[in-house]
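need a 3D model of the following:
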Amino acid sequence: MDFDCIVIGGGHAGIEASLAVSRLGFSCLIITQNPDCIGALSCNPAIGGLSKGNLVREVDALGGEMAKLIDKSLIQYRVLNRSRGPAVQAPRAQADKREYQKAARRALESQKNLLIMMDTVIDLIVSEDQSPKVLGVLTARGHKISSRTVILAAGTFMEGKVFIGEYEARHGRLGEEASLGLGTNLRRRFFPVGRLKTGTPARIAGNSIDYEKLEKQDGEAAQAFSFDLINLNQTFLPQLPCWIGYTNSNTHEIIRENIHRSPLYGGKIMGTGARYCPSIEDKVVRFPERTRHHIFVEPEGHYTNEVYLNGCSTSLPEDVQRDFIRTIPAFEEAIIVRPGYAVEYDYIDPLDLYPSLESKRISHFFSAGQTNGSSGYEEAAAQGLMAGINAVLKMKGEEPFILGRSDAYIGVLIDDLTTLGTKEPYRMFTSRAEYRLVLRHDTADTRLSPKARELGLIDDSRWERFMQKSQGLEVIQQIMAQQKFSDGEILKKRLVRETLNFCQLLPQFPDLGAYPAEWVERAALDIKYAGYIEKENRAVEKMKKMDFIKIPQSLDYNLVQGLSAESKEKLLAVRPITIGQAARISGVRQGDIALLLLLTKKT
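You can find the predicted model right below:
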């Protein structure tokens, strides 16, 4: 074999997949159409956000790279939902896009066992027997490269097509050629391939904007995303503000008058877009009662004058984009540097994947990221990391590494995709997780670092720092638990009753000044919500019992008497590996789950 693993694509899924494979001691080749675009932030120049920030910190806790990349390129930091409970809070950071890409490429190029190749994969090399197995890839330039495993992480490039009004081109990103051939060949191999659509807004020259007419949005004091860099006192780039503006009735009128020129409404785009992230034309059509919509003006970095108009995704013609943007106060003289556009691309139905992200059709072939129907950098990175880990475990002949819904947002993400499937771009939300309080972003290292250590993704020095933090948290909690105030009230009662600024705690606990503020806040939250966390943990234990009961993969549901016709159809489509997964399939009745439980006890 030429390589142990080949990773197709240099986006966020490809980065994490290739680093995981090579860090675990296996040779890896990452094939990308343009090495200069490794780690590109194709859409918004930001990492994290609600639930997405949790994913980033979980990737970091498992030894992944995304948190370190954003820490090296961070130009504004905020914790969203500060006014609400900790279960729905999450960090978000604006990125200097060029610095992020530079850091990503450095991480790949400096990694032992990892090589980068510029080419386009057009087909898989597969064994021709009753149990097909991937043997390598075929590239556009005619290279046949063998490997023990292959991970597909092509993002929006597989048979991609870009639309701007009447204009269309075979691109995966504006100005970058699509990956043609692979999607067609996957269809030829009877993979369930569909089409999805996503979009992005125009980028505007920052010096053509009147910022006096916008609301300024400054960030908070920057903090590291990476748990390890918190311990190492990470320094940051100079911070930049964001701005907020609003559309108006004139904006909406121009869009309505030209809606027939939109490829989305004109019937050119057949792929399904995301309901939760509509284009500006979608917003105007679907919400006619709204007189204005937010526009978030976000810097793309220190290196450029361009700004990103978050909330203004569009595929309308360029002249229409210019006209409606100039109706927005502060943008009367706006100059469009890059137009907004929609991109339609191929994806594999994730029901065709095991929870390990391995294909059910071809063994040793894995898929991650937008190729699985998900949306977002963070979702892609999480899947890439898990695919990389499981590709290694497959080569070692070991059981796959699967996170449960109570272990991590990553577990929720992959379980949703492989159990429920998706017909539109899937995005992670806090509401998708049943155990949000257990899955707080600040607890990701405690939950997952021991698992990463066991896998071999955490080195000795980082593990030592993690153990120091764990011991420090225990000491902090002991100090807090022993403290009584003048009225004899203990801290826990006061925390439960009052909303305290954790900095206000420090004068009452002088011994805590020796510990990082992040540790003190974490310990205080654990004390404050201990009762709720204990309640969630009891529910978790009940769910885990169902997820520990394996279903034989050889089970023929058609021969199981008593199963409803609908349940048979759904179970055959998903092929769940546990009773818990079967119970989460939409349309499978509780009576059918009881029947499956009886069958598993007999086997």
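
contacting residues for the nearest residue to R338 once chain neighbours are set aside?
Once flanking residues are discounted, R338 sits nearest to R203: 4.2 Å by C-beta to C-beta, 6 or more residues apart in numbering. For every residue, glycine as well, the C-beta is placed using N, CA and C. By C-beta atoms under 8 Å, 6 or more residues apart in numbering, the residues touching R203 are 300, 306-309, 336-338.

touching, I533 and L525? I think so.
No: counting by C-beta atoms under 8 Å, I533 stays clear of L525, with 9.4 Å between them.

which one of those two is surrounded by more residues?
Neighbours were counted for I533 and for L525 using other C-beta atoms under 10 Å; L525 has more, 21 against 18.

does that one fall in a helix, a strand, or a coil region?
Using DSSP: H, G, I helix; E, B strand; the rest coil, the structure places L525 in helix.

can you tell me which residues contact it?
Contacts of L525 were listed using C-beta under 8 Å, 6+ apart, and they are 86, 440, 442.

for R78, see how far away it is.
According to C-beta to C-beta, to the nearest Å, L525 stands 18 Å off from R78.

among the contacts of R203, which lie within strands?
Using DSSP state E, the subset of those located in strands is 306-309, 336-338.

so where do the helices sit in the stretch 101-250 of the chain?
182-188, 227-231, 249-257 (DSSP state H, counting those that start in this stretch).

mean pLDDT lowest for which of those helices?
Sorting the helices of the stretch 101-250 of the chain by mean pLDDT places helix 227-231 lowest, at a mean of 79.

packing partners for that helix?
Where contact means 3 or more C-beta pairs under 8 Å, 6 or more residues apart in numbering; DSSP states H and E, helix 227-231 is packed against helix 52-61, helix 66-73, helix 444-455, helix 460-482.

wait, G266 sits on S315?
No: at 9.8 Å, G266 does not count as touching S315 under the criterion of C-beta under 8 Å.

if we take the ones in strands among the contacts of R203, which one ends up nearest to D459?
Nearest to D459 among those is Y308, at 36.2 Å by C-beta to C-beta.

what's the neighbour count on that closest one?
Y308 is flanked by 25 other residues according to other C-beta under 10 Å.

enumerate every residue touching the nearest residue to it once chain neighbours are set aside.
Leaving out its chain neighbours, the residue that sits closest to Y308 by C-beta to C-beta, 6+ apart is E298, at 4.5 Å. Residues in contact with E298 (C-beta under 8 Å, 6+ apart) are 44-46, 94, 242, 307-308, 310.

tell me which of those residues is nearest to G155?
Nearest to G155 among those is N44, at 15.0 Å by C-beta to C-beta.

next one: that closest one, what pLDDT does it get?
Predicted confidence (pLDDT) at N44: the value is 93.

could you single out the most deeply buried of the helices of the stretch 101-250 of the chain?
Ranked by mean neighbour count, those are led by helix 227-231 with a mean of 20 (mean count of other C-beta atoms under 10 Å).

a markdown table please, covering the contacts of R203 and showing pLDDT and distance to I577.
Listed next are the contacts of R203 as a markdown table, based on pLDDT from 0 to 100; distance: C-beta to C-beta, whole Å:
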| residue | pLDDT | distance to I577 |
| --- | --- | --- |
| E300 | 97 | 43 |
| E306 | 96 | 46 |
| V307 | 97 | 46 |
| Y308 | 97 | 41 |
| L309 | 97 | 44 |
| I336 | 97 | 49 |
| V337 | 97 | 49 |
| R338 | 97 | 44 |
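
out of those residues, which end up buried?
300, 306-309, 336-337 (16 or more other C-beta atoms under 10 Å).

measure how buried T247 is and give me the count.
Neighbour count of T247, defined by other C-beta under 10 Å: 25.

do F287 as well
Neighbourhood size, F287 [other C-beta under 10 Å]: 12.

so how far is L264 from it?
From F287 to L264 the distance is 16 Å (C-beta to C-beta).

before we move on, the earlier item: for the contacts of R203, which one is nearest V126?
For these, the residue nearest V126 by C-beta to C-beta is R338; the value is 39.3 Å.

spit out the contact partners of that closest one.
R338 sits in contact with 174, 202-203, 306, where contact means C-beta under 8 Å, 6+ apart.

which one among the residues you listed gets closest to I328?
Proximity of the contacts of R338 to I328 (C-beta to C-beta) peaks at A202, which lies at 11.4 Å.

just the pLDDT for the closest residue to that closest one other than its chain neighbours.
Nearest non-adjacent residue to A202, counting by C-beta to C-beta, 6+ apart: G340, 4.4 Å away. Here, the pLDDT recorded for G340 equals 97.

M118 too?
Looking at M118, its pLDDT stands at 98.

equivalent analysis for S486, please.
The predicted local confidence for S486 is 47.

what does N501 give?
Per-residue pLDDT puts N501 at 58.

quick one, strands of the stretch 101-250 of the chain?
114-118, 121-126, 134-139, 144-152, 161-164, 167-169, 171-173, 176-177, 193-200, 203-205, 215-217, 242-246 (DSSP state E, counting those that start in this stretch).

which strand or helix spans the residue positioned nearest the centre of the chain?
Among the residues of the chain, the one closest to the centroid is E379, at 1.6 Å (C-alpha atoms, centre = their mean). Counting by DSSP states H and E, the element that carries E379 is helix 377-396.

may I see the buried residues of that helix?
Neighbour counts over helix 377-396 (16+ other C-beta under 10 Å) mark 377-395 as buried.

low-confidence ranges in the stretch 501-603 of the chain?
Residues of the stretch 501-603 of the chain that meet the criterion pLDDT under 70 lie in 501-508, 602-603.

let me fix that, I meant to ask about the chain.
Low-confidence segments of the chain (pLDDT under 70): 231-233, 483-508, 602-603.

hmm, 90 instead?
Residues of the chain that meet the criterion pLDDT under 90 lie in 1, 82-88, 128-131, 228-235, 264-278, 476-574, 577, 579-580, 582-583, 585-603.

what residues does A573 make contact with?
Neighbouring residues of A573 by C-beta under 8 Å, 6+ apart: L351.

D119 is in contact with A140, correct?
Yes: using C-beta under 8 Å, A140 is in contact with D119, at 6.3 Å.

circling back: what's opposite the residue nearest to R338 in the beta bridge?
R203 has these beta-bridge partners by DSSP bridges: Y308, R338.

okay, it and Y303: tell me how far apart.
Distance, R203 to Y303, by C-beta to C-beta: 13 Å.

nearest to L353 among the buried ones among the contacts of R203?
Nearest member of the buried ones among the contacts of R203 to L353, counting by C-beta to C-beta, is Y308, at 32.3 Å.

wouldn't the closest one be in contact with I295 here?
No: assessed by C-beta under 8 Å, Y308 is found out of contact with I295, at 10.2 Å.

so G587 is in which element?
Taking DSSP H and E as the definition, G587 sits outside all helices and strands.

and it, what does it touch?
Applying C-beta under 8 Å, 6+ apart, the residues contacting G587 are 566-567, 570.

format these as a markdown table; extra columns: distance to G273 and neighbour count.
Shown next, in a markdown table, are the contacts of G587 (distance: C-beta to C-beta, whole Å; neighbours: other C-beta atoms under 10 Å):
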| residue | distance to G273 | neighbour count |
| --- | --- | --- |
| E566 | 29 | 13 |
| S567 | 31 | 22 |
| K570 | 26 | 20 |
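
just the ones of these in helices?
566-567, 570 (DSSP state H).

neighbour-wise, which one of the contacts of L525 leads?
Result: R440 is most packed of the contacts of L525 (other C-beta under 10 Å), 23 neighbours.

can you pull the buried residues of stretch 510-523?
Neighbour counts over stretch 510-523 (16+ other C-beta under 10 Å) mark 512, 515-516, 518-523 as buried.

how far does that stretch stretch from one end to the other?
End-to-end distance of stretch 510-523: 15 Å, with C-alpha to C-alpha, to the nearest Å as the criterion.

so that it lines up with my notes, have the first residue be 40 from now on.
Will do, 40 is the new start, and the previous item becomes stretch 549-562.
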